[in-house]
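*Asks:* A structural model of the following input is requested.
(one chain, ligands or ions: 2)
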Amino acid sequence: MANNYQWFPGHMAKALRAMREDIKLVDVLIELVDARAPISTGNPSIQELAEGKIHIVVLNKKDMADPEVTKEWLDFFRGNGMLAAAVDSKKKNEVTSVENLLTKLARDEFKESDARFEAAVRAAGGDPGKRNVRIMVTGIPNVGKSTFINTFAGRASAKTGNKPGVTRGKQWIRLKSGNDLLDTPGVLYVKPLSEESGMRLAFLGSLNDNNLSMDELALDFVKWCIEAYPGCLASKYGIEETEGLETMEAIGAKRGCLKKGGVIDYERAAGIIIDDFRNARIGRLSLERPE
Ligand SMILES: Nc1nc2c(ncn2[C@@H]2O[C@H](COP(=O)(O)OP(=O)(O)OP(=O)(O)O)[C@@H](O)[C@H]2O)c(=O)[nH]1
Ligand SMILES: [Mg+2]
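*Replies:* Ligands and ions are numbered 1, 2, ... in the order given. Next up, the predicted model:
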């Protein structure tokens with residue numbers, strides 16, 4: 001069965017409405033994307049939503065991405081006049097460097113007398129005299145929003161998980177710097193996904209696995225990997241790379257994924273391959289490069 005790589009959430013319109021409301025309250029939008037696929041995990045509509053705000057693109061999970069490609073992406077975004085940084089959200093110093101940049105930018109950009117800002121702070125029950133910089137994190141499911149917020153806030157304040165869609169609720173977190181961070185990240189879904197983008201999101205675990213055939217997903221991944229990073233699967237699993245299905249079978253056999261009669265257990269092989277990719281055990285592989 002071939003996979004249909006699309007979102008299946010019933011709450012996309014609701015999420016967008018909530019996000020539009022939240023955006024009114026903040027000065028700064030931190031858009032988290034996955035460093036391994038910054039375009040497919042990004043939101044084209046955020047440009048319009050972020051108008052009048054400081055918008056920074058943060059390439060998250062850089063520890064799992066191909067470092068050379070991440071450098072190219074940073075050049076790409078900065079070359080297009082955007083603010084961009086790459087981080088491992090589990091590292092405090094990397095997350096803090098993003099805040100330092102934002103605080104400085106926000107102070108320069110928004111003057112004390114900014115009426116729009118004051119109104120927004122009052123509407124949120126805050127004290128505009130204090131001029132705290134208000135920050136919001138956005139991103140598609142599973143890009144690491146909760147992890148980023150936790151590290152940012154310096155305590156476990158946002159629930160994290162491996163499955164998309166874990167986060168609910170809403171509150172502000174006062175940061176050590178005096179800035180305020182919205183606890184609830186904004187979630188945006190881009191629809192429709194192109195076949196290629198959808199597949200990348202599925203590899204990364206941003207689409208719900210329950211709606212996918214994992215055999216097909218792993219096979220698509222193996223095919224991609226042979227082409228984009230030749231030799232990678234061969235050295236990881238000690239097999240020979242041929243065409244996709246045969247290579248997947250070789251990995252399965254090597255890992256003892258066999259059913260009665262020596263038939264390959266595709267499901268188990270698929271689970272191993274996808275899990276290895278998602279934990280960067282096959283290597284630091286980027287799914288997208290700048291054109
Ligand atoms: N290696 C690595 N893993 C990360 C990083 N950031 C997040 N993760 C992992 O990615 C998974 C998803 O992270 P979450 O913080 O739950 O992602 P989220 O965007 O809040 O997900 P939803 O709430 O489901 O939309 C978790 O297993 C995290 O541990 C990172 O920078 N590096
Ligand atoms: Mg979350």
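*Asks:* got the buried residues for stretch 184-204?
*Replies:* Using 16 or more other CB atoms under 10 Å as the test for burial, stretch 184-204 gives 184-190, 193, 197-204. To be clear about C-beta, it is placed using only N, CA and C from the backbone, and glycine gets the same treatment.
*Asks:* is ligand 2 contacted by that stretch?
*Replies:* No. Contact of stretch 184-204 with ligand 2 (CB under 5 Å from the ion) is absent, the minimum separation being 6.4 Å.
*Asks:* Contact partners for F76?
*Replies:* P290 (CB atoms under 8 Å, 6 or more residues apart in numbering).
*Asks:* Report the buried residues of the strand or helix carrying it.
*Replies:* Here F76 sits within helix 67-79, counting by DSSP states H and E. Neighbour counts over helix 67-79 (16+ other CB under 10 Å) mark V69, T70, W73, L74, F76, F77 as buried.
*Asks:* ok, and what's touching the helix or strand following it?
*Replies:* Next helix or strand after helix 67-79 toward the C-terminus (DSSP H and E): strand 83-86. Contacts with strand 83-86, where a contact means CB under 8 Å, 6+ apart, come from 35, 54-60, 62, 65, 70, 73-74, 77-78, 97-98, 101, 105.
*Asks:* residue ranges with poor pLDDT in the stretch 151-291 of the chain?
*Replies:* 155-170 (pLDDT under 70).
*Asks:* which residues of it fall in strands?
*Replies:* 172-174, 180-182 (DSSP state E, counting those that start in this stretch).
*Asks:* could those be laid out in a markdown table, adding distance to ligand 1?
*Replies:* What follows is the strands of the stretch 151-291 of the chain, written out as a markdown table (distance: least, CB to the nearest ligand atom, whole Å):
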| stretch | distance to ligand 1 |
| --- | --- |
| strand 172-174 | 15 |
| strand 180-182 | 13 |
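*Asks:* how about those strands, which one is nearest I39?
*Replies:* Closest approach to I39 among the strands of the stretch 151-291 of the chain (CB to CB): strand 180-182, 25.1 Å.
*Asks:* Now do the closest one: which elements does it pack against?
*Replies:* strand 134-138, helix 145-153, strand 172-174 (3 or more CB pairs under 8 Å, 6 or more residues apart in numbering; DSSP states H and E).
*Asks:* which of those sits most buried?
*Replies:* The highest average neighbour count among those, using mean count of other CB atoms under 10 Å, belongs to strand 134-138 at a mean of 25.
*Asks:* So which residues make contact with that strand?
*Replies:* So strand 134-138 is contacted by 19, 22-23, 25-32, 43, 46, 99, 102, 120-121, 124, 126, 145, 148-149, 152, 172, 175, 179-182, 185-188 (CB under 8 Å, 6+ apart).
*Asks:* Now find how far off-centre that strand is within its chain.
*Replies:* 15 Å (CA atoms, centre = their mean, to the nearest Å).
*Asks:* Got the phi and psi for V57?
*Replies:* Backbone dihedrals for V57, given as degrees, to the nearest 10, come out at phi -90, psi 120.
*Asks:* bridging residues for it?
*Replies:* Taking DSSP bridges, one finds E31, A84 as the beta-bridge partners of V57.
*Asks:* Do I have it right that it meets G42?
*Replies:* Yes. Judged on CB atoms under 8 Å, V57 makes contact with G42 at a distance of 7.3 Å.
*Asks:* Give me the common contacts of those two.
*Replies:* Shared contacts of V57 and G42, defined by CB under 8 Å, 6+ apart, comprise E31, V33.
*Asks:* any weak-confidence spans in the stretch 1-150 of the chain?
*Replies:* For the stretch 1-150 of the chain, residues meeting the criterion pLDDT under 70 lie at 1, 8-11, 103-131.
*Asks:* and the gap between the closest residue to Q171 other than its chain neighbours and ligand 1?
*Replies:* Leaving out its chain neighbours, the residue that sits closest to Q171 by CB to CB, 6 or more residues apart in numbering is D183, at 4.4 Å. Separation of D183 from ligand 1 (CB to the nearest ligand atom, to the nearest Å): 11 Å.
*Asks:* roughly how far apart are D183 and A234?
*Replies:* 45 Å (CB to CB, to the nearest Å).
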